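[1] Provided below are the primary sequence and the corresponding predicted coordinates.
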Amino acid sequence: MAVKKGTLKRKNGAGTYDEINLKTTAEQVKMTDGTTVQAFLDSLPSGGGAGAKVVADITARDALTPTEGLIAYVVDATGDSTVKSGGASYIYDGSNWIKISEFESMDMIIDWTDIQNKPNIVDIKVSATEPVGQKEGDIWIEETV
């Protein structure tokens, strides 16, 4: 069966089809500290940041005189209780260092079963025939399995 481009639609109780719009916004994605990605992006300076530094460890990072937007790559970030081994990157938000990446997780393979708070997914049966009055190229979901 060939896949058609178009709008994803689902059959409703009235026998007609409603559009399904799938999207994720930065406001919906949470970081490890509980803040949203949007809040983090909004906290970044509009001027593009203050550069980057490479330092040996957390003590050296804390000895910097940072300005808002400074990024520091810490080669040995094990002084941070959330880092088990290797390095990590941090950005200074004007008052605190916020971890933005970890070296140990760069090559991580994540299985769908390990993801927390994921949406419930159902198998769907796609209608083989187009209902009367629908646009060519739309996708109709006849039922969930």
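    Cool, the structure landed. Remember, it's a predicted structure, so these values are computed and weren't measured experimentally. Numbering: from 1, shown residues only.
[2] Can you get me a residue count around Gly69?
    19 (other CB atoms under 10 Å). All C-beta spots, glycine's among them, are computed from the backbone N, C-alpha and C.
[3] cool, and Gly15?
    7.
[4] List the contacts of Phe25.
    Just so we're on the same page, residue 25 is Thr rather than Phe. Gln38 (CB atoms under 8 Å, 6 or more residues apart in numbering).
[5] Confirm that it sits in a helix.
    No. Counting by DSSP: H, G, I helix; E, B strand; the rest coil, Thr25 is not part of a helix but coil.
[6] Kindly provide the distance from it to Ile91.
    Using CB to CB, to the nearest Å, we find Thr25 at a distance of 21 Å from Ile91.
[7] Got phi/psi on the residue lying closest to Phe103 once chain neighbours are set aside?
    Among residues not flanking Phe103 along the chain, Gly86 sits closest, at 3.7 Å (CB to CB, 6 or more residues apart in numbering). The phi/psi pair for Gly86 (degrees, to the nearest 10) reads phi 80, psi -160.
[8] Tell me the pLDDT of Asp18.
    What the model reports as pLDDT for Asp18 is 78.
[9] so it makes contact with Thr7?
    No. With contact defined as CB atoms under 8 Å, Asp18 does not count as touching Thr7 (10.2 Å).
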